[in-house]
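**Student:** Mind looking at a prediction? Sequence and model below.
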Amino acid sequence: MSARQPLIFVNNAVEANLLEALMAAEGVAGYVKVYKDPAYRGVWTFTDAYGHVECPPQSRGQVQRLLREIRGGRQV
């Protein structure tokens, strides 16, 4: 049994949309899971992160690289 990797978090909608676009352009498998529930109509929000990336383990390094580039070199 393999250990679970820590989640890769995105901080806002702009970062999430840009990351998904870059992942699609480079053919990286995965998607961004957003912490949003339309039932609450914006009343409830998760303040620690906007969402996280769901991807296969072999795509993890590519996703981290793309996110680091989006953030201007800051650590993921």
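**Tutor:** Received, thanks.
**Student:** which stretches of the chain have low pLDDT?
**Tutor:** Applying pLDDT under 70 to the chain flags residues 1-2, 40-47, 74-76.
**Student:** Can you tell me the centre-most residue of it?
**Tutor:** Nearest residue to the geometric centre of the chain (CA atoms, centre = their mean): V53, 3.4 Å.
**Student:** For the one helix or strand that residue maps to, which strands pair with it and how are they oriented?
**Tutor:** Under the criterion of DSSP states H and E, V53 resides in strand 51-54. With DSSP bridges as the test, strand 51-54 is paired with strand 8-10 (antiparallel), strand 31-34 (antiparallel).
**Student:** Can you tell me which of the ones you listed is packed in deepest?
**Tutor:** Mean neighbour count (mean count of other CB atoms under 10 Å) peaks for strand 8-10 among those, with a mean of 21. Backbone N, C-alpha and C define where each C-beta goes, glycine included.
**Student:** next helix or strand past that one?
**Tutor:** helix 13-26.
**Student:** residues in contact with that following helix?
**Tutor:** Residues outside helix 13-26 that contact it (CB atoms under 8 Å, 6 or more residues apart in numbering) are 10, 28-32, 34, 50-51, 53, 55, 62-63, 66-67, 69-71.
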